[in-house]
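*Asks:* what shape does this take:
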Amino acid sequence: MRGFCIIMGFDGLGWFLHQFASIPLPSHVLGLLLLSAALFMGIVKLEWVEQSAGFLNRHMMLFFVPLLAGAAAFGPEIGSSWLAAILSLTAGTLTIVILTGLTTKMLVKRKERAGDEK
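*Replies:* Residues are numbered from 1 along each chain as shown. Prediction:
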């Protein structure tokens with residue numbers, strides 16, 4: 001339960017910053033960035049949030065139900081611009097896949113070079 005409270009606390013802090021500090025990022029993204037920073041700095045221990053994060057990951061599909069319901073409600077509007085929707089989804093997905101692959105390749109090469117220097 002402690003881990004869930006920590007995760008929700010950082011999410012709430014992200015909402016607070018978004019609302020009152022006018023930071024132009026979605027509140028959930030701000031909360032995730034703050035939680036990640038706290039984990040990297042050792043302020044929050046991974047063991048504290050690991051079980052709750054695993055639970056949330058296992059049931060992640062439930063978080064997409066509102067999105068799917070909204071997509072169904074706006075089906076006619078999406079249907080009228082289906083070509084633009086398909087092109088943007090395809091281009092966005094390809095961009096993410098390519099950037100992820102290049103980043104992974106760069107990190108593997110860096111790790112190999114660091115291993116060779118030892």
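
*Asks:* mind showing which ranges of the protein have poor pLDDT?
*Replies:* 118 (pLDDT under 70).

*Asks:* pull the longest helix from it.
*Replies:* Taking DSSP state H as the criterion, the chain has its longest helix at helix 82-117.

*Asks:* so which elements touch that one?
*Replies:* Helices and strands touching helix 82-117, as assessed by 3 or more C-beta pairs under 8 Å, 6 or more residues apart in numbering; DSSP states H and E, are absent. For glycine as for every other residue, the C-beta is placed from the backbone atoms N, C-alpha and C.

*Asks:* may I see the buried residues of it?
*Replies:* Residues of helix 82-117 include none that count as buried (16 or more other C-beta atoms under 10 Å).

*Asks:* chain center to it: distance?
*Replies:* Its chain's C-alpha centre and that of helix 82-117 lie 16 Å apart, by C-alpha atoms, centre = their mean, to the nearest Å.

*Asks:* again, but for stretch 104-118
*Replies:* That offset, for stretch 104-118, works out to 26 Å (C-alpha atoms, centre = their mean).

*Asks:* dump the residue contacts of the nearest residue to Asp11 once chain neighbours are set aside.
*Replies:* Residue nearest to Asp11 in three dimensions, not counting chain neighbours: Gly31, with 3.9 Å by C-beta to C-beta, 6 or more residues apart in numbering. Shown in contact with Gly31 (C-beta atoms under 8 Å, 6 or more residues apart in numbering): Phe10, Asp11, Gly12, Leu13, Gly14, Trp15.

*Asks:* go through the helix or strand harbouring Gln19 and flag the buried ones.
*Replies:* With secondary structure defined by DSSP states H and E, Gln19 is part of helix 2-20. In terms of neighbour count (16+ other C-beta under 10 Å), helix 2-20 has its buried residues at Gly3, Ile6, Ile7, Phe10, Asp11, Leu13, Gly14, Leu17, His18.
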